[in-house]
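Visitor: output the structure for:
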Amino acid sequence: MSPKGTWFGASGVANQATGRELQPSDRFEIGSITKTFVATTTLQLVEEDILSLEDKLIDQLPTSVTDWIPNADQITLRQLLNHTSGVPDYTDVLFRWAPVNPGVFLNRWQPIELVRFIDGLEASFQAGDSWQYSNTNYLLLGMVVEAATNNSIAEEIRDRILDPLALSNTFFAEEEAIPGGYVRGYWDFDQDGTLNDISGANLSWAWSTGAMVSNTSDLATFIHALIGGKLLEPDTLQQMLTTISPITSENYSAYGLGIGIMQSPNRFWYIHRGQTLGYRSNMWYSPLENITYIELINARSSQNLAGATLTTLRRYQSPISVPEPGMILGVLLTFGTWLTVRPRVRERRG
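Guide: As a prediction, the model looks like this:
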């Protein structure tokens with residue numbers, strides 16, 4: 001999608017057993033792009049003075065949760081959002097366990113059970129001292145949102161983002177019904193050279209770190225609305241886009257609050273990438289040129305366009321210079337891509 005035109009395409013099959021071909025409107029698991037939705041929801045609660053970015057984790061969650069988290073009395077919500085908390089990643093433990101007990105992906109997990117995977121692990125570093133991507137950060141943020149609103153994270157995302165933007169193909173799996181379902185995913189899980197259909201996996205293992213389902217059109221609408229200032233106030237958006245750099249990451253040059261950055265000498269992108277058992281996803285947006293690139297794949301493979309692009313970008317990467325949200329907004333207005341979204345009118349629950 002660019003000022004010169006929009007193209008949606010598809011290749012491959014949605015179901016190997018039936019041979020049904022993929023369609024551009026098909027839905028996929030989007031993995032960690034879920035984090036951008038969770039971050040946006042959290043920041044809206046900050047705008048409403050329900051939460052603060054400087055709130056300590058220990059003040060937002062009960063000791064039944066925080067007792068499992070090293071340095072919970074020091075970690076702020078901002079540090080969870082930008083991955084500077086030092087909290088170990090529960091999925092590292094989960095995936096080490098999976099080869100001897102693959103049934104872990106069929107279980108119906110509760111968030112507290114996932115937190116307990118890091119029991120006994122030390123912090124990777126003191127809160128705020130470094131950067132390390134950890135899915136546990138967004139697991140905890142999902143729990144914080146639920147505690148602060150007395151509502152489910154799925155319903156908060158729907159009320160605040162999905163319904164106002166009319167994202168009719170986006171859902172929080174395992175907590176919402178998905179009429180019509182989504183495409184099947186494939187991965188050579190047992191390493192025998194044949195792709196396995198892993199669609200029976202229960203996405204509760206990913207929860208607020210990566211359990212959402214969407215399609216290319218909805219994700220394009222979402223990223224335009226977010227960076228265009230239709231979901232957050234300018235000051236809040238500025239905080240979201242304020243990044244930590246340099247960082248050690250295969251996916252990002254710098255990272256803000258639930259969104260990453262990638263830059264080459266020719267183009268600046270806001271991005272988030274995602275991966276679940278049999279799916280890969282990429283959401284890229286170049287605000288200064290109004291170019292959107294969404295890629296959704298239903299097989300666990302490194303052979304995607306974004307992978308090759310990242311390799312090239314890193315080879316020629318130049319220092320990061322983050323555009324101001326106000327400048328971005330002006331560019332979007334110039335290109336005529338303004339989205340009309342109904343105002344957020346919220347009734348507190350509980």
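Visitor: drop to CA atoms for contacts and neighbour counts, all remaining ones
Guide: Noted.
Visitor: strands of this protein, start to end?
Guide: Taking DSSP state E as the criterion, the chain carries its strands at 13-15, 20-21, 28-29, 171-172, 186-187, 196-197, 212-214, 254-255, 260-263, 268-275, 280-286, 291-297.
Visitor: tell me which of those strands sits most buried.
Guide: strand 28-29 (a mean of 30; mean count of other C-alpha atoms under 10 Å).
Visitor: what distance do you get for the closest residue to W109 other than its chain neighbours to A154?
Guide: Ranked by C-alpha to C-alpha, 6 or more residues apart in numbering and with sequence neighbours excluded, the top spatial neighbour of W109 is S204, at 5.4 Å. Taking C-alpha to C-alpha, to the nearest Å as the measure, S204 and A154 are separated by 12 Å.
Visitor: repeat for P179
Guide: When C-alpha to C-alpha is the yardstick, P179 and A154 sit 16 Å from each other.
Visitor: which one's more surrounded, the two?
Guide: For P179 and A154, the more surrounded residue by other C-alpha atoms under 10 Å is A154, and the numbers stand at 22 against 8.
Visitor: which residues does the residue lying closest to that one once chain neighbours are set aside bridge with?
Guide: In space, not counting the residues next to it along the chain, A154 is nearest to F172; the distance is 5.7 Å by C-alpha to C-alpha, 6+ apart. Beta-bridge partners of F172, counted by DSSP bridges, are M212.
Visitor: skip the chain neighbours and tell me the closest residue to F268.
Guide: For F268, ignoring the flanking residues on the chain, the nearest one in space by C-alpha to C-alpha, 6+ apart is S286 at 5.7 Å.
Visitor: quick one: that neighbour and N266 touch, right?
Guide: No: counting by C-alpha atoms under 8 Å, S286 sits too far from N266 to count as a contact (10.7 Å).
Visitor: what is the least confident helix or strand in the chain?
Guide: helix 325-335 (a mean of 44; mean pLDDT, DSSP states H and E).
Visitor: returning to what we had before: which ones are touching the residue nearest to A154?
Guide: With contacts taken as C-alpha atoms under 8 Å, 6 or more residues apart in numbering, F172 has the following neighbours: 154, 211-213.
Visitor: flag the shaky bits of the protein, pLDDT-wise.
Guide: 1-5, 7, 301-350 (pLDDT under 70).
Visitor: repeat that with 50
Guide: By pLDDT under 50, the weakly predicted segments of the chain are 302-306, 308-320, 326, 328-350.
Visitor: roughly how far does the residue nearest to L80 when sequence neighbours are not counted sit from R20?
Guide: With C-alpha to C-alpha, 6+ apart as the criterion, L80 has its nearest non-adjacent residue at 4.8 Å, and that residue is N137. According to C-alpha to C-alpha, N137 and R20 sit 38 Å apart.
Visitor: next: P88.
Guide: Using C-alpha to C-alpha, we find P88 at a distance of 40 Å from R20.
Visitor: quick revisit: beta partners of the residue nearest to F268?
Guide: With beta bridges defined as DSSP bridges, S286 has these partners: I291.
Visitor: which residues touch it?
Guide: Going by C-alpha under 8 Å, 6+ apart, S286 touches 267-270, 292.
Visitor: let's see 7 Å
Guide: Listed by C-alpha atoms under 7 Å, 6 or more residues apart in numbering, the contact partners of S286 are 268-270, 292.
Visitor: what of F8?
Guide: By C-alpha under 7 Å, 6+ apart, the contact set of F8 is P24.
Visitor: where's it relative to I271, distance?
Guide: F8 sits 19 Å away from I271, taking C-alpha to C-alpha as the criterion.
Visitor: same thing with T66?
Guide: Between T66 and I271 the computed distance is 30 Å (C-alpha to C-alpha).
Visitor: can you check I247 too?
Guide: Distance, I247 to I271, by C-alpha to C-alpha: 15 Å.
Visitor: how about E146?
Guide: Distance from E146 to I271, counting by C-alpha to C-alpha: 26 Å.
Visitor: residue boundaries of the helices in this protein?
Guide: Defined through DSSP state H, the helices belonging to the chain, from first to last, are 34-47, 57-60, 63-66, 77-81, 90-97, 111-115, 135-149, 153-157, 207-210, 216-227, 234-240, 305-315, 325-335.
Visitor: okay, the angle between the fifth one and helix 135-149?
Guide: Comparing the axes of helix 90-97 and helix 135-149 via axes from the mean of the first three to the mean of the last three C-alpha atoms, to 10 degrees yields an angle of 130 degrees.
Visitor: chain center to helix 90-97: distance?
Guide: With C-alpha atoms, centre = their mean, to the nearest Å as the basis, the distance from the averaged C-alpha position of helix 90-97 to the chain average is 19 Å.
Visitor: tell me which residues of it are tucked away?
Guide: Residues 90-91, 94 are the ones in helix 90-97 that count as buried (16 or more other C-alpha atoms under 10 Å).
Visitor: kindly indicate which of those lies nearest F125.
Guide: Nearest to F125 out of those is Y90 (C-alpha to C-alpha; 15.7 Å).
Visitor: enumerate every residue touching that closest one.
Guide: For Y90, the contacting residues are 114-115, 117-118, 135-136, taking C-alpha under 7 Å, 6+ apart as the criterion.
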